[in-house]
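*Asks:* Okay, here's the prediction I keep looking at, along with the sequence it came from:
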Amino acid sequence: MKILVVEDEEKLASIIQRGLAEEQNEVTVCADGESGLKEAVTADYDCIILDLMLPKRSGIELLDAMRAKEIHTPVIILTAKDSVEDRVHGLDHGADDYMVKPFAFAELEARIRSVARRADAAQPILLSIADVTLDPIKQEVKRGDEEIKLTSKEYSLLQYFMTNPNTPLSRKMIAENVWDVTFASYSNVIDVYVNFLRKKIDCDREQKLIVTVRGVGYMMRDPDRPID
């Protein structure tokens with residue numbers, strides 16, 4: 001598995017990294033909340049081990065930012081904060097599990113396997129709008145029987161459209177959710193990529209699915225659902 005460890009205690013982080021790597025996991029370590037958040041939103045991880053008391057950005061702030069961006073990577077909080085209130089607070093903010101230091105390494109490994117299994121079971125099988133299908137596991141896109149080859153960013157843009165069908169999406173929303181940047185510097189880039197996507201999804205087809213919403217942005221139209 002690919003695992004992110006966000007822990008500012010260098011010795012502990014090294015122990016966790018070494019132990020998980022011995023089990024053939026690929027482990028990345030970040031020592032503060034800012035770099036941890038950047039890793040969490042720009043790379044795909046199977047699990048995140050998260051301390052709460054971190055420099056620059058707390059573990060709860062990192063978790064809130066991840067979930068606000070619809071990043072559902074399983075998170076195990078690993079912390080010295082052991083009160084019931086702390087546990088409830090962490091789980092209410094989107095953590096999948098909560099462990100208190102000191103801990104048994106075998107238990108940490110078991111909990112990683114557990115949250116990974118739950119995440120696999122929760123994976124959506126297929127996104128579908130009209131005759132367009134997107135398989136998030138295979139990362140395969142088809143329109144009818146034709147497979148459509150997309151770049152990574154085109155794929156992310158289409159997935160964002162398809163998870164929000166018939167919903168007008170502003171350029172600001174697209175910038176923040178697909179590019180993870182502020183809108184100002186990316187407005188032209190968004191228009192370019194929407195046009196790229198249209199050429200691959202809608203070109204030479206009678207039913208156009210990606211439409212411009214004047215004064216707002218763009219929308220993927222699902223003829224079988226009401227418009228928000």
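*Replies:* Good, I have the coordinates.
*Asks:* Name the residue most distant from the centre of the protein?
*Replies:* If you look at how far each residue of the chain sits from its centre, by Cα atoms, centre = their mean, the farthest one is residue 206, at 33.2 Å.
*Asks:* so who does that residue touch?
*Replies:* Applying Cβ atoms under 8 Å, 6 or more residues apart in numbering to residue 206 gives no contacts. (Each C-beta comes from the backbone N, C-alpha and C, glycine too.)
*Asks:* Backbone dihedrals for it, please?
*Replies:* As for residue 206, its main-chain torsions (degrees, to the nearest 10) stand at phi -70, psi -40.
*Asks:* now swap in the one 4 residues further on and tell me
*Replies:* Note on residue 210: its backbone torsions stand at phi -100, psi 110 [degrees, to the nearest 10].
*Asks:* hang on, the earlier thing: what separates the residue farthest from the centre of the chain from residue 130, distance-wise?
*Replies:* 11 Å (Cβ to Cβ, to the nearest Å).
*Asks:* okay, and the common contacts of the two?
*Replies:* With Cβ under 8 Å, 6+ apart, residue 206 and residue 130 have no common neighbours.
*Asks:* mind listing the strands in the protein by residue range?
*Replies:* Counting by DSSP state E, the chain has strands at residues 2-6, 26-30, 47-50, 75-79, 97-100, 127-129, 132-135, 140-143, 146-148, 169-170, 210-213, 217-220.
*Asks:* Any idea which helix or strand in the protein has the lowest mean pLDDT?
*Replies:* Least confident helix or strand of the chain, by mean pLDDT, DSSP states H and E, is helix 105-122 with a mean of 80.
*Asks:* Next, the residues that contact it from outside, please.
*Replies:* Applying Cβ under 8 Å, 6+ apart, the contact partners of helix 105-122 are 1, 3, 15-16, 19-20, 23, 46-47, 49, 72-76, 78, 96-97, 99.
*Asks:* List the buried residues in that helix.
*Replies:* 108, 111, 112, 115, 116 (16 or more other Cβ atoms under 10 Å).
*Asks:* Over to stretch 54-71?
*Replies:* By neighbour count on 16+ other Cβ under 10 Å, the buried set for stretch 54-71 is 54, 57, 59, 60, 61, 62, 63, 65, 66, 71.
*Asks:* what's the answer for stretch 5-14, then?
*Replies:* By 16+ other Cβ under 10 Å, the buried positions in stretch 5-14 come out as 5, 6, 7, 8, 12, 13.
*Asks:* chain center to that stretch: distance?
*Replies:* Centre-to-centre, stretch 5-14 and its host chain are 23 Å apart (Cα atoms, centre = their mean, to the nearest Å).
*Asks:* Just the endpoints, please. Distance across it?
*Replies:* Distance between the two ends of stretch 5-14: 10 Å, counting by Cα to Cα, to the nearest Å.
*Asks:* what residues does that stretch touch?
*Replies:* 16-17, 20, 27-33, 36, 39-40, 48-51, 53-55, 59, 62, 78, 101.
*Asks:* same thing but at 6 Å, please
*Replies:* Outside stretch 5-14, the residues that touch it by Cβ atoms under 6 Å, 6 or more residues apart in numbering are 16, 29, 30, 31, 36, 49, 50, 51, 54, 55.
*Asks:* average pLDDT across stretch 199-211?
*Replies:* Across stretch 199-211, the average pLDDT comes to 92.
*Asks:* Name the nearest residue to residue 17, sequence neighbours excluded.
*Replies:* residue 27 (4.7 Å; Cβ to Cβ, 6 or more residues apart in numbering).
*Asks:* in terms of contact, does that neighbour touch residue 19 like I think?
*Replies:* No - judged on Cβ atoms under 6 Å, residue 27 makes no contact with residue 19 at a distance of 9.0 Å.
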